[in-house]
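**Student:** With the sequence up front, the predicted model follows.
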There are 4 protein chains.
Amino acid sequence: MSVLEGPRRERRRVFRGGRLVEGLLDGDRLVFDGGESIAEADAVYAAPVAPRTIACVHLNYRSRAVEFGVDLERSHPTYFLKPATAINAHRGELARPADCQLMNYEGEIAAVVGRPMQRVRPDDVWDHLAGFCCANDVGIHDFRDTDAGSMLRVKGQDGFCPIGPGLVSGIDIRRSTLRTYVNATLVQEGKVAEMIWGIDELLADLTRHVTLHPGDLVLTGTPWHSRPIFPGDVVEVEVEGIGRLTNRVVDRPAPDNRRGFPATVTKVSLGVALGSDYHLLKKPDNPPTPAQYREARTELIARNMASGPPRREPR
Amino acid sequence: MSVLEGPRRERRRVFRGGRLVEGLLDGDRLVFDGGESIAEADAVYAAPVAPRTIACVHLNYRSRAVEFGVDLERSHPTYFLKPATAINAHRGELARPADCQLMNYEGEIAAVVGRPMQRVRPDDVWDHLAGFCCANDVGIHDFRDTDAGSMLRVKGQDGFCPIGPGLVSGIDIRRSTLRTYVNATLVQEGKVAEMIWGIDELLADLTRHVTLHPGDLVLTGTPWHSRPIFPGDVVEVEVEGIGRLTNRVVDRPAPDNRRGFPATVTKVSLGVALGSDYHLLKKPDNPPTPAQYREARTELIARNMASGPPRREPR
Amino acid sequence: MSVLEGPRRERRRVFRGGRLVEGLLDGDRLVFDGGESIAEADAVYAAPVAPRTIACVHLNYRSRAVEFGVDLERSHPTYFLKPATAINAHRGELARPADCQLMNYEGEIAAVVGRPMQRVRPDDVWDHLAGFCCANDVGIHDFRDTDAGSMLRVKGQDGFCPIGPGLVSGIDIRRSTLRTYVNATLVQEGKVAEMIWGIDELLADLTRHVTLHPGDLVLTGTPWHSRPIFPGDVVEVEVEGIGRLTNRVVDRPAPDNRRGFPATVTKVSLGVALGSDYHLLKKPDNPPTPAQYREARTELIARNMASGPPRREPR
Amino acid sequence: MSVLEGPRRERRRVFRGGRLVEGLLDGDRLVFDGGESIAEADAVYAAPVAPRTIACVHLNYRSRAVEFGVDLERSHPTYFLKPATAINAHRGELARPADCQLMNYEGEIAAVVGRPMQRVRPDDVWDHLAGFCCANDVGIHDFRDTDAGSMLRVKGQDGFCPIGPGLVSGIDIRRSTLRTYVNATLVQEGKVAEMIWGIDELLADLTRHVTLHPGDLVLTGTPWHSRPIFPGDVVEVEVEGIGRLTNRVVDRPAPDNRRGFPATVTKVSLGVALGSDYHLLKKPDNPPTPAQYREARTELIARNMASGPPRREPR
């Protein structure tokens, strides 16, 4: 039975009265499996699933490839993993350690596995999925220089994979559009149709190598205009037909067991974190600072969302 | 209580009579917790732990840094993840898909977490570990070109993380030497003292970013002379005081759902897979082939194990 | 989608080459999800699911109620739990401690939960199940006197819940017949239609009180003629459309940490273990012994399977 | 290392910012493993462990044996299981379905397993435990008539096993006293020394039959004076050296999928729920009602806590 076909069902998991309980969203109420209900607004959410494997595609939306001047058409998808400890929930907090400055949002769609998948053909993928969630592939680019590719320091930190609010099946995700908002302002917009590799192709590709189990996640890429967020910001990822995932950035003390690569703001990390804004903010002899971006961002966002990504020469 | 202090205990897990059971190694017998025992030689092993997070350091032994001409002294450790589905056991099979040629062994020591670890100081690491296993960080470098850094295609495949035979505590691992054997011939040798970053430093570093839970693994790097292995080969990783992990390479059909990056032998993948042998085997206009390596390897191994890694110019 | 509707699918889990892998039964081959296959005869089985909750109904088949003179018609089902450690697999061993004599088989059908179930109506039960397995609710009645009702000592021992060989969906279980064989001789036969409370009613009843999760099991009762088995015996539970679960009884040393209730053969435990044979074997002043039963059982089984349960006065 | 020896450590688990996090109690603050802290009063608790097996002894305190006229001295402990779904947390809710009237508290001490246990000798038990929690073996005696022994309907309901607030090691539990409070009034008091079978004996006995794994729980019995509680009541279980577990009784709708045994108030269920108060409240021709108990309970509690259990003839 294909996950793309209706009726739509949205399953949520909440922490209630000392226990995790599950239920279905019905209008503005959460109806638990036993029949009781609460106002959705009062829910304390847990992530709707508890994956062991979380695989993420590096680049998949055309607009982001354009922003970074990458020609993906003749290429293949590449992936990295997040640890299970990265999972976070709707209304959860995104903790930015005090020694870091470049925490970025990346609005994404997460595909959730429903049945064991090993070497599954693209046509059979939709029968193996349990549904979809909104996701935020949060990263701290202060560690970008040490981590390219594996992303463990950048994107593997505790709580850097919020998903939710619920798990939705019975929606043709191929027709959806993803939007990200920071403090209620639209900052990302991308259609699933813009993906270079469809969700079915990503899952087929991954399961050539790795068996995926029920509850495992595949994050399917982010459109252009991932940018830094700061303590106090509220970031929301909305996917048509799926829902709207809300998280708030909070301060966290820096670690006191300092070892390994220190959080560092460099041209490379700024280049990734600021994307095409890097060149706009750059002074003749100096790269921009995170503070400069923060100050200018209202204006930059307005400009960018009106214009779309500036076309860079493909690398 | 430090994992480095005795008495030595070795805990193994076997599949017996329809169930997983655990026990202690006592000479050539496995004594199950209930008091029964079997000859160790008859055991069908499961991995001694079932981790959710498996973090691996990219480069840590000086000899491997020398072989690849990498100057690590002024650098920091970097990591990648393997999915939980990569776990394999003593006497388990390493499946090489028929479209691949460059499966390499990498003998390693795995540190096993015993208590939750978050921002742990190096001095406190030994109190948080449950013990150590032998491990093999198996990779297929036919996917090297697409995967640098994250290693998901190269090293994340099902069964590419054999660990065992058991979980050992009460050994001062800092004084141990690791050795790898292919078909009973020594092919790798490295002292823990040769590591650039000690096991305590790796765990302290990682837990700045990621909380580790009981059973989670950290693979701590491989010495020089990782080389290809072929169906029929028996590969063994031995760590003094820990044990000897045995695995056999077997053929597996190629996937029939081909999507994404195809297995490909290139100069880059050969360069990583063959290490310093690449230059020895290279013809004026042509890179070596996996078959040429296989034919020459008895001689090359003898030469290499006698000479140690040729010193390359640091990159 | 109801678990009762076809096509039939049989999913099995085996321990292979160091890892647990899953696949579908296809004739006399097991075809793993990645496409490889092995002869079914060579498989080393694990249980097809790993439940947390295993609930068992005490009495449900009319023939067993008749055998024990219990009038269930005006009553309600009652249940006990087995711990998750009781799970065992096809071809697994049933270990009888050396201080015990009255290990009995009880052939049963296990219903396997597919989706979270809380206060589910009988009509909705079939949509929430993943499938069915053969099961054996093994018990050691030497502990009967201490354990009536909760059954922890009698039926909760390690490995006393073999299930399998696989998990089957797409079969109308309501039309199936269950049969148990000891050393290839038929010893139990009962139609699902003979159940006093249907599988849908049991699940509805249980989920009034307890939330069941995917993989959880409900064992649905055994027909008349549960009897002792002895080391060396092979016991098989066959359910039409589901398969045939095979287990062998083996000796196990008695525990040496004796505490609590000792294994004891009494009139009560013999009465339960031998059922209607108790009265046949009883001498004027003495209850029968397990050895007497063993000696007479070929004859008793033939007689019983021909006659069916003698009608006792309902209690 | 014995769990009885100091220093005392108290580990708690809370739901915070979308995720489960762990830390140590330090005065009135919870200090998370990463170093951050919150006021304990603000914590939203999860249970400190997630067991698969929860075994409970039926009767163990002398005062409760006296209250029910049971002679345990020449007997052996008996047990029942609760499903894993019964786990609840400090400050969690105890949900009483609207068709039920006889929800009782039973203050208990839970022993938490730290290492796999199979046939462990009493002397070795303390080395295998991770610590202790306060626990409440909540039951609804409206199902007593159908469930004696297994207790699944009475005590297996969702959330009927609150434990916490934390997991404590480094305390000699054998010298502790347990106290239960309803709405701040003392209602139970019993010394561990009053147990008929020590915690070490219970664990030795159970592990003759069942392997226990890290995180599994054994509930060790309740003293006399378990009594009904009603929606709105706050019940607290305090164990010296361990902490104080608080839960509130709330209303829950009756199930609408009624099947199986209906909640029923009978002489038997009242006899268990009201204990020695049954006879005090009984009218010549009529058993007491739950409402009569509720009305009289302030007086009854005062009387009972002053007098202790009336001595009944042993059965």
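**Tutor:** Noted; the coordinates are in hand.
**Student:** Which parts of the stretch 101-250 of chain A are helices?
**Tutor:** In the stretch 101-250 of chain A, the helices defined using DSSP state H, counting those that start in this stretch lie at A:122-128, A:144-147, A:152-155, A:199-206.
**Student:** Mean pLDDT lowest where, among these?
**Tutor:** Mean pLDDT per stretch puts helix A:144-147 lowest among the helices of the stretch 101-250 of chain A, at a mean of 80.
**Student:** chain center to that helix: distance?
**Tutor:** Centroid separation between helix A:144-147 and its chain, computed with Cα atoms, centre = their mean, to the nearest Å, is 19 Å.
**Student:** same deal with stretch A:214-227?
**Tutor:** 4 Å.
**Student:** Buried residues, that stretch. List them.
**Tutor:** A:214-227 (16 or more other Cβ atoms under 10 Å in any protein chain shown). Glycine gets a C-beta too; all of them are placed from N, C-alpha and C.
**Student:** now swap in stretch A:176-184 and tell me
**Tutor:** A:176, A:178-182.
**Student:** With stretch A:15-33 instead?
**Tutor:** A:15-19, A:21-23, A:25, A:29-30, A:32-33.
**Student:** and if you look at stretch A:96-108?
**Tutor:** In terms of neighbour count (16+ other Cβ under 10 Å), stretch A:96-108 has its buried residues at A:96-97, A:99-108.
**Student:** thinking again about what came up before, which of the buried residues of stretch A:15-33 sit farthest apart?
**Tutor:** Taking Cβ to Cβ, the two most distant members of the buried residues of stretch A:15-33 are A:Gly18 and A:Leu25; they sit 22.1 Å apart.
**Student:** How about the contacts made by A:Gly107?
**Tutor:** If a contact means Cβ atoms under 8 Å, 6 or more residues apart in numbering or on different chains, then A:Gly107 has A:134-136, A:178-180, A:188, A:222-223, A:237-238 as its contacts.
**Student:** In space, what's closest to it - neighbours in sequence excluded?
**Tutor:** Distances taken as Cβ to Cβ, 6 or more residues apart in numbering or on different chains put A:Thr180 closest to A:Gly107, at 3.4 Å, once the chain neighbours are dropped.
**Student:** Residues of the stretch 1-150 of chain A that sit close to chain D?
**Tutor:** Those residues of the stretch 1-150 of chain A that sit near chain D, judged by Cβ under 8 Å from any Cβ of the partner chain, are A:15-19, A:34-36, A:44-47, A:87-93, A:95.
**Student:** So which of those residues sit within strands?
**Tutor:** A:15-16, A:19, A:45-46, A:87-88, A:93, A:95 (DSSP state E).
**Student:** Widest-spaced pair of those residues?
**Tutor:** Using Cβ to Cβ, these reach their maximum pairwise distance at A:Arg19 and A:Ala95, which is 24.9 Å.
**Student:** Out of the buried residues of stretch A:96-108, flag the one nearest to chain C.
**Tutor:** In terms of Cβ to the nearest Cβ, no member of these lies closer to chain C than A:Glu108, at 25.9 Å.
**Student:** re earlier: as CSV, the buried residues of stretch A:96-108 with pLDDT would be great.
**Tutor:** CSV is the format used below for these (pLDDT from 0 to 100):
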residue, pLDDT
A:Arg96, 96
A:Pro97, 95
A:Asp99, 94
A:Cys100, 95
A:Gln101, 96
A:Leu102, 96
A:Met103, 97
A:Asn104, 97
A:Tyr105, 98
A:Glu106, 98
A:Gly107, 98
A:Glu108, 98
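**Student:** Looking at those, which is nearest A:Pro290?
**Tutor:** The closest of these, once distances to A:Pro290 are taken by Cβ to Cβ, is A:Gln101, at 4.1 Å.
**Student:** The closest one contacts A:Pro228, correct?
**Tutor:** Yes: with contacts counted by Cβ atoms under 8 Å, A:Gln101 reaches A:Pro228, the gap being 7.4 Å.
**Student:** residues bridging contact with those two, i.e. touching both?
**Tutor:** Shared contacts of A:Gln101 and A:Pro228, counting by Cβ under 8 Å, 6+ apart, come down to A:Pro290.
**Student:** Just list the residues touching the residue in the stretch 1-150 of chain A that chain B sits nearest to, thanks.
**Tutor:** Ranked by Cβ to the nearest Cβ, the top residue of the stretch 1-150 of chain A for proximity to chain B is A:Gly149, at 1.6 Å. Residues near A:Gly149 by Cβ under 8 Å, 6+ apart: A:80, B:80, B:147-151.
**Student:** Now the residues you listed in a markdown table, please, with extra columns for distance to B:His279.
**Tutor:** Output for the contacts of A:Gly149, formatted as a markdown table (distance: Cβ to Cβ, whole Å):
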| residue | distance to B:His279 |
| --- | --- |
| A:Phe80 | 31 |
| B:Phe80 | 26 |
| B:Asp147 | 23 |
| B:Ala148 | 20 |
| B:Gly149 | 24 |
| B:Ser150 | 27 |
| B:Met151 | 24 |
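**Student:** For these, name the two members farthest from one another.
**Tutor:** Applying Cβ to Cβ across the contacts of A:Gly149, the maximum distance is between A:Phe80 and B:Ala148, 11.1 Å.
**Student:** out of these two, which sits in the more crowded spot?
**Tutor:** Each of A:Phe80 and B:Ala148 has its neighbours counted (other Cβ atoms under 10 Å in any protein chain shown); A:Phe80 has more, 28 against 17.
**Student:** what is the more buried one paired to in the beta sheet?
**Tutor:** Applying DSSP bridges to A:Phe80 gives these bridge partners: A:Cys56.
**Student:** Can you report how many residues neighbour the residue in the stretch 151-300 of chain A that chain C sits nearest to?
**Tutor:** Relative to chain C, the nearest point of the stretch 151-300 of chain A is A:Thr211 (6.9 Å; Cβ to the nearest Cβ). Neighbours of A:Thr211 under the rule other Cβ under 10 Å: 26.
**Student:** could you list every residue that touches it?
**Tutor:** A:Thr211 touches A:116-118, B:85, B:158, C:33-34, counting by Cβ under 8 Å, 6+ apart.
**Student:** Over to A:Ile229?
**Tutor:** A:Ile229 sits next to A:94, A:103-105, A:182, A:235, A:249 when contact means Cβ under 8 Å, 6+ apart.
**Student:** which residues touch the residue nearest to A:Asn60 when sequence neighbours are not counted?
**Tutor:** Closest residue in space to A:Asn60, ignoring its immediate chain neighbours: A:Gly221 at 2.8 Å, by Cβ to Cβ, 6+ apart. Counting by Cβ under 8 Å, 6+ apart, A:Gly221 touches A:57-61, A:64, A:108, A:195.
**Student:** repeat for A:Val112
**Tutor:** Counting by Cβ under 8 Å, 6+ apart, A:Val112 makes contact with A:48-49, A:51, A:129-133, A:167, A:215-217.
**Student:** same thing with A:Ile196?
**Tutor:** A:Ile196 sits next to A:59-62, A:65, A:72-73, A:77 when contact means Cβ under 8 Å, 6+ apart.
**Student:** pLDDT-wise, what's the bottom of these?
**Tutor:** A:Glu73 (74).
**Student:** Give me the distance between the nearest residue to A:Ala95 once chain neighbours are set aside and A:Arg311.
**Tutor:** Leaving aside its chain neighbours, A:Ala95 sits nearest to A:Arg252 (3.9 Å; criterion: Cβ to Cβ, 6+ apart). A:Arg252 sits at a distance of 38 Å from A:Arg311 (criterion: Cβ to Cβ, to the nearest Å).
**Student:** Kindly report the same for A:Val66.
**Tutor:** Between A:Val66 and A:Arg311 the computed distance is 6 Å (Cβ to Cβ).
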